[in-house]
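Participant: output the structure for:
(one chain, ligands or ions: 1)
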Amino acid sequence: MDKENLSVTMIGLGYIGLPTSVLIASKGIRVNGMDINKEVVSSLNHGKIHIVEPDLQSEFSNVLKKDYFRASSIVEDGDVYLIVVPTPFKGNHEPDISFVEKATNSVLDKLKSGDLFIIESTSPVGTTEKMAKFIFSKRPDLVDNLFIAYCPERVLPGNVMYELVNNDRVIGGVDQVSTNKACEFYSMFIEGELHRTTARTAEMCKLTENASRDVQIAFANELSLICDKADINVWELIDLANKHPRVNILQPGAGVGGHCIAVDPYFIASEFPKESQLIAKAREINNYKSFWVAEKIGNEILKFKLENGIDPKVALMGLAFKPNIDDLRESPAKYITQKVMQSQNDIEILVVEPNINDHHVYKLSSYQIAYETADIVAFLVNHKEFSNLKYNPKKIILDFCGVNKK
Ligand code: SAJ
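Facilitator: Numbering: from 1, shown residues only. Below you'll find the predicted structure:
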């Protein structure tokens, strides 16, 4: 593959598609980014990114200036087509691959002999083979002339620009030549190791990584429920248990959120319901933890009312799905806030999220004012700002995420 003459068509310019486009373009490869959201396209072509991610804006400005990237709401010609669109789940927790199907359909007429078609979107096992079948049924002229592969991303929001380059990647083609061709492409901009496998294994590998983390967090969350009953500080317990050379327990929290770990395990469980007992149970435990937190806050409010004869002021600290980001997707803290507000509509509740300025539903308070004003303070997300707050013994502190752990 020759960088100078290569052009990449990126379908989807979201949290992964945009940074990946920027990385590829920064190596001097022309990228045509396509997104169905016209506002995103316009904002990007005017030089402004639409997501919060350290270092992305500056790198984006560089590639735009050098004319290596352009956004469009139509699919442009390319030699490599990358599908980086969402795969949410439906009401019954079954994966919804309709975005991948639509994206594949949208490039169908553009594909030519020798092109490389890659899916990066998290997908249920068999999706890449299914798309290959679909493409070849509509374009029989491409049989044996199109390379098709699956290569999942593994980056952590907040550290995307580093991890995108340095993480190892798993690359699985529908056949050996496709795997090799895709590896050749990724080696142009990835410094981590490239591991070759089949498309099915690569799909399962992505789901396995996130399901594994979900199960581990469920263990920590289950411990937090046990410790609450046993009157043991769970943070101290985990810290001590982790002194064992072969124990490495994760941290409990208000539940598991985001668009990956709270979603991907369902892709395994819905397809293999009999076999995925532990994976399904972990999802249940992590969802239950958020429900439990909301109940716990409700009970504390009731207790305060009974003991003091007045309504407490309550601060709910954090809305994001994890610390130090502005992303509220599938956020346990947002779910808990909603639940507490619904059941306590007669008392003053101060909602805090230091990483965003405005929210369309909640009036946001500054974290310092909320902390000072409230009788009950519930920490839902361990944002770095909260560690600056001075301990006040007069307040009832409900720490669900380890802000005050030693
Ligand atoms: N969480 C805990 N306790 C912990 C760690 C996390 O409760 O000890 C919670 C977080 O607060 C959050 C949720 O889990 O609500 C998920 O956060 P995360 O930081 O574990 O992961 P994500 O969703 O930001 O990113 C994950 C990563 N996957 C793994 O670590 C296996 C990332 O590498 C993937 O690229 C990403 O999913 C994805 O796109 O799939």
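
Participant: part of a strand, is residue 351?
Facilitator: Yes - counting by DSSP: H, G, I helix; E, B strand; the rest coil, residue 351 is part of a strand.

Participant: quick one: residues contacting the residue nearest to it when sequence neighbours are not counted.
Facilitator: Spatial nearest neighbour of residue 351, chain neighbours left out: residue 362 (4.3 Å); criterion: C-beta to C-beta, 6 or more residues apart in numbering. Placement of C-beta: from N, CA and C, glycine included. With contact set as C-beta atoms under 8 Å, 6 or more residues apart in numbering, residue 362 has these partners: 319, 337, 351.

Participant: cool, and residue 224?
Facilitator: By C-beta under 8 Å, 6+ apart, the contact list for residue 224 reads 234, 252, 289.

Participant: ok, it to residue 120 distance?
Facilitator: To residue 120, residue 224 is 34 Å away according to C-beta to C-beta, to the nearest Å.

Participant: any idea how far the ligand is from the residue nearest to residue 351?
Facilitator: Using C-beta to the nearest ligand atom, to the nearest Å, residue 362 is found at 19 Å from the ligand.

Participant: equivalent analysis for residue 227, please.
Facilitator: 15 Å.

Participant: just the pLDDT for residue 93.
Facilitator: Here, the pLDDT recorded for residue 93 equals 89.

Participant: what number of residues lie near it?
Facilitator: 14 (other C-beta atoms under 10 Å).

Participant: residues from the stretch 251-400 of the chain in reach of the ligand?
Facilitator: Proximity of the stretch 251-400 of the chain to the ligand (C-beta under 6 Å from any ligand atom) is limited to residues 251, 253, 256-258, 260-261, 321-322.

Participant: hang on, the earlier thing: I'd like to know which of the contacts of residue 362 is nearest to the ligand.
Facilitator: Using C-beta to the nearest ligand atom, residue 319 is the member of the contacts of residue 362 that lies nearest the ligand, at 11.9 Å.

Participant: that closest one and residue 356 touch, don't they?
Facilitator: Yes - shown here, residue 319 and residue 356 form a contact pair, counting by C-beta atoms under 8 Å, at 7.4 Å.

Participant: shared neighbours of those two, anything?
Facilitator: Common contacts of residue 319 and residue 356, defined by C-beta under 8 Å, 6+ apart, comprise residue 328.

Participant: of the two, which one has the most company?
Facilitator: In this view residue 319 and residue 356 are compared by other C-beta under 10 Å, and residue 319 has more residues nearby, 29 against 15.

Participant: could you count how many residues lie near the closest residue to the more buried one other than its chain neighbours?
Facilitator: Of all residues not flanking residue 319 in the chain, residue 353 sits nearest, at 3.9 Å (C-beta to C-beta, 6+ apart). Each residue near residue 353 was counted by other C-beta under 10 Å, and the total is 26.

Participant: now do residue 332
Facilitator: Residues lying near residue 332 (other C-beta under 10 Å) number 30.

Participant: my guess is it meets residue 255, correct?
Facilitator: Yes - with contact defined as C-beta under 8 Å, residue 332 counts as touching residue 255 (3.0 Å).

Participant: please enumerate the shared neighbours of these two.
Facilitator: 289-290, 293.

Participant: export those residues as a markdown table, with columns for distance to residue 244 and neighbour count.
Facilitator: Formatted as a markdown table, these follow (distance: C-beta to C-beta, whole Å; neighbours: other C-beta atoms under 10 Å):
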| residue | distance to residue 244 | neighbour count |
| --- | --- | --- |
| 289 | 24 | 25 |
| 290 | 29 | 25 |
| 293 | 28 | 26 |
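
Participant: could you dump these to TSV with pLDDT?
Facilitator: Listed next are the shared contacts of residue 332 and residue 255 as TSV, based on pLDDT from 0 to 100:
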residue	pLDDT
289	98
290	98
293	98
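
Participant: picking that back up, from residue 279, how far off is the residue nearest to residue 319?
Facilitator: From residue 353 to residue 279 the distance is 31 Å (C-beta to C-beta).

Participant: for residue 209, same thing?
Facilitator: Residue 209 is 12 Å from residue 279, where distance means C-beta to C-beta.

Participant: residue in the stretch 101-250 of the chain nearest to the ligand?
Facilitator: For the stretch 101-250 of the chain, the residue closest to the ligand is residue 250, as judged by C-beta to the nearest ligand atom, at 3.3 Å.

Participant: show me the contacts for that residue.
Facilitator: So residue 250 contacts 213, 216-217, 219-220 (C-beta under 8 Å, 6+ apart).

Participant: same thing with residue 107?
Facilitator: By C-beta under 8 Å, 6+ apart, the neighbours of residue 107 are 9, 11, 75, 81, 83, 117.

Participant: tell me what the helix or strand containing the last one is packed against?
Facilitator: With secondary structure defined by DSSP states H and E, residue 117 is part of strand 116-119. Packing partners of strand 116-119 (3 or more C-beta pairs under 8 Å, 6 or more residues apart in numbering; DSSP states H and E): strand 80-83, helix 98-107, helix 127-138, strand 147-150, helix 176-186.

Participant: outside of it, which residues touch it?
Facilitator: Counting by C-beta under 8 Å, 6+ apart, 79-83, 100, 104, 107, 111, 127-128, 131, 135, 146-151, 178, 181-182, 185 sit against strand 116-119.

Participant: poorly predicted segments of this protein, please.
Facilitator: 406 (pLDDT under 70).

Participant: how about the helices in it?
Facilitator: Remark: helices assigned in the chain by DSSP state H are 17-26, 38-45, 56-65, 98-107, 127-138, 160-166, 176-186, 199-230, 234-241, 264-271, 277-308, 332-343, 367-373.
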